[in-house]
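K.L.:
Output the structure for:
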Amino acid sequence: MDRRMTWRAAARPLTLSLVTLSLVAGQVHGASAQPVATSIHLRGTGATTNPATLFLDTAAPLSAAPKIRDAGAIRFAGGNPWKQIGTWQAAPFVTDEAGAFGTFVMDLEPLHVWLGLVNSDDQGTKFDLKVEIFKNTAPLPIAADTLRCIAGLARDPNKAAEVVLFPELTSPQLFNGINDVLKVTLSARIGTNVNDTQCAGSHASAAGLRAYFDAARRDSRLDADLSDGNRVIGTITADIIGRMAPPSGETPLGDLVADSELVATQSAGAQIALMNPGGVRADLVFAASAAGEAPGQVTYGEAFRVLPFGFGLVTMTLTGAELRDVLEQQFPGFAGQTVQRILAVSSGLTYTWRGSAPPGSKISNLLLNGTPIDPAASYRVTVSDFLANGGDGLSRLTGGTNLVSSAASDLDALIAYLGAFSPVAPPSANRILQMP
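P.N.:
Numbering: from 1, shown residues only. Okay, the predicted model is just below:
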């Protein structure tokens, strides 16, 4: 059964752990080495029915009587448009005392919403409910989910039903604590199947869909994992530079990221990892920051700044000849490439490239652990999902076979590597040799 179709009529309380992070009051009352599971409750002030002010808060509601928010009349005819129930907004997440980093939303867990009918004449109508979670005023949500063909709702508030949706983040989201705002929007329409046809047995119109919230027994809430951006994840012995590449195109931080991805995907048989240079967005700096961590300590926020995109990792099989073609495609004029993009390579892979050589013939002395790459042999190579789909013009990577997607992102891999091997010294950046 699709877990998103699970709904029930009894609330399940969720216990907060370790610390309380208040979105509205703007206080972080402690810090944790790991993300903190917390519930973000849908609250409101004003009238019981359709209160004027909707907000999010980590303080659980205590009232016995729920507040009510209704979507307007909905009809399947005319394209079955979504009708908004409401948008709940949090005040900015606060930064740490020094203001270096704020709060990260690491992951989203289930959204619980209590539903009922606006009009008893709509008994038997099936509904779709959509949640969209926004950061600031961006037009596209950072997470969303739709629950279809919700049936069995009643007008009686004592028979309100709890439904569960599963919005999923593609990557952690940083809220800077100054002006970043979290918003949760709920919308409804007449129930539809996945092909957008009307759910069987449903009425084609309704007076609306009612959401109950802000009460102890009708606690509509979003569960999330929050993290302090200043938690220390590892240590380094010196600056590790990633944004200023020498003529060879190789940087110590690019090498480190590739090494972390290789380690993270060894269970998929990875022998080599390749990292696109544009994915590394900052350096790792040894000096203490304004946040107060000791020299050499690396925080989650600093690692996030290096790899903010949260690319997934994909391990594929390439022949030696295909691997060479991928490296040749780093340079303009070969296989449609228009821009030079030197990939970071993991430890053990070395090669020379010659700028004066014609396109398709620039790579030489290609070795893995000192042994020449065999054009006919197969190698397991890890790249980001961005590269696996041909990003940065590296279309030759789309020919890989036996693809295995990792549960870890590139950021996860870097954090795990720093945690496992600290203190980490800058790699020597001697894997790629550039010749005139």
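
K.L.:
So what's the residue count around the residue lying closest to Phe213 once chain neighbours are set aside?
P.N.:
Residue nearest to Phe213 in three dimensions, not counting chain neighbours: Ser220, with 3.8 Å by C-beta to C-beta, 6 or more residues apart in numbering. Every C-beta, even on glycine, is put in place using the N, C-alpha and C of the backbone. Other residues within reach of Ser220, judged by other C-beta atoms under 10 Å, total 27.

K.L.:
Quick check: Ser220 touching Arg43?
P.N.:
No - contact criterion C-beta atoms under 8 Å: Ser220 and Arg43 do not qualify, at 9.2 Å.

K.L.:
Mind listing the shared neighbours of the two?
P.N.:
Residues touching both Ser220 and Arg43 comprise Phe213, Asp214, with contact defined as C-beta atoms under 8 Å, 6 or more residues apart in numbering.

K.L.:
Sketch out the low-pLDDT regions of the stretch 51-200 of the chain for me.
P.N.:
Low-confidence regions of the stretch 51-200 of the chain, defined by pLDDT under 70, span residues 93-102.

K.L.:
cool, and the stretch 251-400 of the chain?
P.N.:
Low-confidence regions of the stretch 251-400 of the chain, defined by pLDDT under 70, span residues 291.

K.L.:
Tell me which stretches of it form strands.
P.N.:
Using DSSP state E, counting those that start in this stretch, the strands found in the stretch 251-400 of the chain span residues 272-275, 297-299, 312-319, 344-345, 349-354, 363-368, 371-372, 378-384.

K.L.:
Mind checking the ones you listed for the one nearest to Leu262?
P.N.:
For Leu262, the closest of the strands of the stretch 251-400 of the chain is strand 272-275, at 4.0 Å, according to C-beta to C-beta.

K.L.:
what lines up beside that closest one in the sheet?
P.N.:
strand 344-345 (antiparallel), strand 378-384 (parallel) (DSSP bridges).

K.L.:
Excluding chain neighbours, give the residue nearest to Ala151 in space.
P.N.:
Counting by C-beta to C-beta, 6+ apart, the nearest residue to Ala151 once its immediate chain neighbours are dropped is Lys126, at 4.9 Å.

K.L.:
and the gap between Thr350 and Asp122?
P.N.:
Distance from Thr350 to Asp122, counting by C-beta to C-beta, to the nearest Å: 69 Å.

K.L.:
Which of those two has more residues huddled nearby?
P.N.:
Here Thr350 and Asp122 are compared on neighbour count by other C-beta under 10 Å; more neighbours surround Asp122, at 21 against 16.

K.L.:
Tell me if I'm right that the more buried one and Ala207 touch.
P.N.:
Yes - in this structure, Asp122 is within contact of Ala207 by C-beta under 8 Å, at 5.9 Å.

K.L.:
Among the strands paired with strand 272-275, which comes closest to Ala211?
P.N.:
Of all these, the one in closest proximity to Ala211, counting by C-beta to C-beta, is strand 378-384 (39.1 Å).

K.L.:
who touches that closest one?
P.N.:
The set of residues that contact strand 378-384 without belonging to it, under C-beta under 8 Å, 6+ apart, is 261-262, 264-265, 268-276, 279, 311-320, 323, 346, 368, 373, 391, 397, 400, 406, 410.

K.L.:
mind running it again at 7 Å?
P.N.:
Contacting residues not belonging to strand 378-384 are listed as 261-262, 265, 268-274, 276, 279, 311-320, 323, 397, 410 [C-beta atoms under 7 Å, 6 or more residues apart in numbering].

K.L.:
ditto for stretch 49-65
P.N.:
By C-beta under 7 Å, 6+ apart, the residues outside stretch 49-65 that reach it are 20-24, 38-46, 48, 67-70, 86-90, 182, 184, 214-216, 219.

K.L.:
domains of the chain?
P.N.:
Listed by automatic domain parsing, the domain ranges of the chain are 3-228, 232-435.

K.L.:
ok, now how distant is the closest residue to Ala143 other than its chain neighbours from Thr58?
P.N.:
Taking C-beta to C-beta, 6+ apart, and ignoring the residues beside it in sequence, Ala143 has Pro167 as its nearest neighbour in space, at 3.8 Å. Applying C-beta to C-beta, one obtains 18 Å for the distance of Pro167 from Thr58.

K.L.:
Can you tell me the closest non-neighbouring residue to Arg305?
P.N.:
In this structure, Arg305 finds its nearest non-sequential neighbour in Ala282, 4.4 Å apart by C-beta to C-beta, 6+ apart.
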